[in-house]
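Undergrad: Sequence and predicted structure are below.
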Amino acid sequence: KAVHFYTQLMANKVVTIATLTYSRAELLKAQLEASGIECFLSNIHVIRTAIGTGIKVKVNESDVDAALQIVLSLDEEYGKDQLEKQDIVEDISKILVPVDFSAYSHNACLFAIGIANRLNAEITLLHSYYFDSLPIVNFAEPYSYQINASQSITELKDRAEKEMENFSKKINEEAKSKGYENIEINVYVTHGTPEEDILQFSNEYKPGVIILGTKSSDKNVKSLFGNVTATIIEEAKVPVLVIPEKSHFSGVNKTNILYATDFDKSDFMAIRKLMTLIYLFDVKIYCVHIGNNKWDSVYINNIKDHFAKYYTGYEFECTVIHADNTLAGLQQFIRAKNIDIISMTTHKRNFVTKFLEPSFTKKMLFHSSTPLLVFHAD
């Protein structure tokens, strides 16, 4: 019997299809065997409890396609209540736009008012001014430092509030000129470190999305994406829409959105958040995975079925791009399909990091006009 089993393994390679807790592994094994698929469990010496992890579920390579279908259907069946709750589209009523009064902040505001008008949402403009210069202390006059520092901070505050007043007035005028008279635009000025203030304010304000303008800087490759923007993308709990300097708002028309997937369970949460943002817009969604795994088609079809089940009436296309180079594959697809927005989740850090690396960012964002919409995986 042992010899027969060894010969079988040599003739038909065994492939790991899932790594689960012991109880889930046993459940999956039962489902697979009920469907006539031979199944093997490894790491079975791990403590057999419902919370023990690390049990690898393996099947013969020839059975992988059918086995993966069962894995995906099992995930949906046992997570059905949670999935349906997650996929209820909710209204977005608040949009946060951090600004520094630059041209690219102004550009981000144009996108914000277009989105706010369609979603009937309010906008809050947030500016954080940073006091980073210290007066020289005159030790002969012990109170001179406190007085000078206080005066400097007061001057910065007054200047920031005045600039915000002028900036918001201009944005309000532009909103009205476009026929968006009913948009409520609030302002908030604070003092501190910008990224910390933005994150703290976002946690309290609870916007549906943060919209950030960002600037290219060929002189300093390391700052291409901007430290503030990179921090907000990584740590914000709400979607972040990054508007590159070269993007231009041309109205709310038919929009082609690329959702880049690396086949993680967080995809469905990210897709829900995406649909929450764009469900009132005329859009076509391209769900794209780049890779050469021969079983990618099984996963992409699962996402396709998810769209068809939960988001009927929307135009979508799910595609696997067979390319060794992620950047080149995405660039080609973006050009071919006239993509307006790239969207992705931060859960796969090795994936999103490519967008934060200077070389990738420089090519994908700052040498193009394609905004980037990033979702934080909960």
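TA: Looks like it arrived, so ask away.
Undergrad: give me every residue that touches V283.
TA: 254-257, 314-315 (C-beta atoms under 8 Å, 6 or more residues apart in numbering). Where C-beta positions appear, they are placed from N, C-alpha and C, glycine not excepted.
Undergrad: Does it have any beta-bridge partners, and if so which?
TA: T255 (DSSP bridges).
Undergrad: And K56, by the same measure?
TA: T19, S42.
Undergrad: Hmm, C39 and it touching each other?
TA: No - counting by C-beta atoms under 8 Å, K56 does not reach C39; the two are 10.8 Å apart.
Undergrad: before we move on, back to that, scan the contacts of V283 and report the most crowded one.
TA: The most crowded member of the contacts of V283 is I257, carrying 22 neighbours; neighbours defined as other C-beta atoms under 10 Å.
Undergrad: for the helix or strand that one falls within, packing partners?
TA: Secondary structure from DSSP states H and E places I257 in strand 255-260. For strand 255-260, the packing partners by 3 or more C-beta pairs under 8 Å, 6 or more residues apart in numbering; DSSP states H and E come out as helix 266-278, strand 283-290, helix 326-337, strand 341-345.
Undergrad: okay, K56 and C39: which has more neighbours?
TA: The neighbour comparison of K56 against C39 (other C-beta under 10 Å) goes to C39, with 21 against 17.
Undergrad: isn't the more buried one right next to L32, touching?
TA: Yes - the pair C39 / L32 is scored as a contact, 4.3 Å apart, by C-beta under 8 Å.
Undergrad: Return every residue with contacts to both of these two.
TA: In contact with both C39 and L32: 57, 59, 67, using C-beta under 8 Å, 6+ apart.
Undergrad: picking up where we left off before, could you identify which of the helices and strands packed on strand 255-260 is most buried?
TA: strand 341-345 (a mean of 24; mean count of other C-beta atoms under 10 Å).
Undergrad: what sits up against that one?
TA: By C-beta under 8 Å, 6+ apart, strand 341-345 touches 241, 255-261, 264, 266-267, 269-270, 274, 330, 334, 351-352, 355, 364, 370-377.
Undergrad: now do stretch 156-175
TA: Outside stretch 156-175, the residues that reach it (C-beta under 8 Å, 6+ apart) are 99, 101, 105-106, 109-110, 113, 117, 125, 127, 129, 131, 181, 183, 185, 187, 189, 191.
Undergrad: switch to 6 Å and redo it
TA: Outside stretch 156-175, the residues that touch it by C-beta atoms under 6 Å, 6 or more residues apart in numbering are 101, 109, 113, 125, 127, 129, 131, 183, 185, 187, 189.
Undergrad: tell me the two of the residues you listed that are most distant?
TA: F131 and I183 (32.1 Å; C-beta to C-beta).
Undergrad: So which of the two has more stuff around it?
TA: Remark: of F131 and I183, I183 carries more neighbours, 20 against 13, as counted by other C-beta under 10 Å.
Undergrad: what about S250, which SS state?
TA: Secondary structure assignment for S250 (DSSP: H, G, I helix; E, B strand; the rest coil): coil.
Undergrad: Quick one: neighbours of it, just the number.
TA: Counted with other C-beta under 10 Å, S250 comes out at 9.
Undergrad: can you pull the pLDDT of it?
TA: Per-residue pLDDT puts S250 at 70.
Undergrad: cool, and G79?
TA: 47.
Undergrad: Count the neighbours of K169 for me.
TA: 12.
Undergrad: Are we agreed that it is in a helix?
TA: Yes - the assignment for K169 is a helix, going by three-state DSSP.
Undergrad: how close does it get to K337?
TA: Distance, K169 to K337, by C-beta to C-beta, to the nearest Å: 39 Å.
Undergrad: With K58 instead?
TA: Taking C-beta to C-beta, one finds K58 at 38 Å from K337.
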